[in-house]
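Asks: here is the input, now give the coordinates:
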Amino acid sequence: MSYLRQVRITLSEERLNDAWYDMSLRQLRKGKVRFYKVKDFVTGEWLFKLCRDSELGKALVKAVKCPAGARFAQLEGNTMVFQLSQKEGWLYDIISLTQADKDDRLTRKIVDTLEQVPDVIRENYQTLPYEEATGKKAPGKHWVTLSKVEDEKSMITLFLLERAWTLSDVEPQEKFSMLQQQKAPAMKEQKREIDTGQTWKCPICGDSFKLKHIEKDSRTQHALRKVKHTIKSR
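Replies: The predicted structure is shown next:
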C-alpha cells in the first residue's frame with residue numbers, strides 16, 4: 001500500500017544489552033533494545049523504543065516521544081506487546097483501536113469483528129481470530145495481526161495504525177492526496193509558434209526577419225525571427 005510507504009522509519013540507536021520494566025509481568029527484563037525515529041505523513045514525528053525479550057520471545061514497542069497535541073501526548077509511554085504465535089516465525093498482537101471523545105480523553109477498544117478492523121490493517125497484515133493465531137481460547141471474539149519476528153518496522157507501523165491514525169483530524173487518504181499534489185511537477189506552459197509567412201527587411205542593415213505568431217496558454221504574442229542565410233557551395 002502506497003500509504004505505508006510514506007511512513008519513514010530509521011534506526012537511530014542499538015543497545016545489545018539493556019533493561020526495561022515489563023508492566024504486564026511487573027518485573028525488570030533484560031535484552032536487546034533499539035530506538036527508531038519515525039516520520040509519519042499522517043501524524044508527525046515519533047521516537048520509539050523496541051525491546052526484545054529473547055527468553056519469552058516477546059517484543060515490546062514503546063512510544064518514547066510523540067507529536068505535539070493533547071491526544072498524542074497521552075500516547076507517550078504507551079506500549080504494544082507482540083507475543084509468539086503458534087505459527088512459527090510470527091508474533092501476534094491483539095487488535096485494539098484508540099479513540100478520543102469530544103474532550104480529547106482517550107479510550108481503547110478491542111475489536112470483536114473483522115469489519116471493525118481498519119482496511120489499511122487488513123490489506124497489509126495477516127488478520128486472524130485469536131484462537132487460530134495462538135491455539136488458545138479467550139473470553140470474547142478477539143482478532144489479532146501477525147508480524148514476522150524480525151520485522152520491527154512492521155510492528156512500529158502497526159502501533160501507528162492502531163493507536164495514532166485513529167486520532168488524526170485528517171484522514172490518511174486526504175493527507176496522501178495533499179502530498180501527491182505537492183510533489184506533482186507544475187504543468188508546463190503550453191506554447192505554439194506559427195510562421196505567418198511574412199518577412200520584414202531592415203532598411204538599414206538589410207537583415208531579414210520572419211514574423212511569428214506565438215500562443216502561450218490564453219496569451220498571444222508576436223516576434224521577429226532573423227532569417228539565417230546559408231552559403232551555397234559552388
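Asks: check contacts around residue 202.
Replies: Residues in contact with residue 202 (C-beta atoms under 8 Å, 6 or more residues apart in numbering) are 208, 209. No exception for glycine: its C-beta is placed from N, CA and C like everyone else's.
Asks: could you check how far it is from residue 83?
Replies: 88 Å (C-beta to C-beta, to the nearest Å).
Asks: what's the end-to-end length of stretch 164-179?
Replies: 19 Å (C-alpha to C-alpha, to the nearest Å).
Asks: restricting to C-alpha, output the helix or strand where residue 71 lies in PDB.
Replies: In this structure, residue 71 sits in helix 70-73 according to DSSP states H and E. The C-alpha trace of helix 70-73 is given here as PDB (Å, rounded to 0.1, in the frame of the first residue of the first chain):
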ATOM      1  CA  ALA A  70      -3.400  16.800  23.600                       C
ATOM      2  CA  ARG A  71      -4.300  13.400  22.000                       C
ATOM      3  CA  PHE A  72      -0.800  12.300  21.000                       C
ATOM      4  CA  ALA A  73       0.600  13.400  24.400                       C
END
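Asks: centre of the chain to it, how far?
Replies: 19 Å (C-alpha atoms, centre = their mean, to the nearest Å).
Asks: cool, stretch 160-179 as well?
Replies: That offset, for stretch 160-179, works out to 9 Å (C-alpha atoms, centre = their mean).
Asks: show me which positions of it end up buried.
Replies: 160, 161, 162, 163, 164, 165, 166, 167, 168, 172, 175, 176 (16 or more other C-beta atoms under 10 Å).
Asks: equivalent analysis for stretch 103-114, please.
Replies: Result for stretch 103-114 [16+ other C-beta under 10 Å]: buried residues 106, 111.
Asks: what is the distance between the longest helix belonging to the chain and the centre of its chain?
Replies: For the chain, the helix that runs over the most residues, judged by DSSP state H, is helix 172-183. Offset of helix 172-183 from its chain centre (C-alpha atoms, centre = their mean): 11 Å.
Asks: now stretch 209-225
Replies: For stretch 209-225, the distance to the chain centre is 47 Å (C-alpha atoms, centre = their mean).
Asks: so for it, mean pLDDT?
Replies: Stretch 209-225 carries an average pLDDT of 82.
Asks: please, where are all the strands along this protein?
Replies: For the chain, the strands defined by DSSP state E cover 8-22, 27-40, 44-53, 58-65, 79-84, 90-94, 96-100, 106-110, 126-129, 143-148, 191-201, 208-216, 219-226.
Asks: show me where the protein dips below the pLDDT cut-off.
Replies: Residues of the chain meeting the criterion pLDDT under 70: 1, 184-189, 217-218, 229-234.
Asks: and it, split by domain according to the record?
Replies: Domain assignment of the chain by automatic domain parsing yields the ranges 4-183, 191-226.
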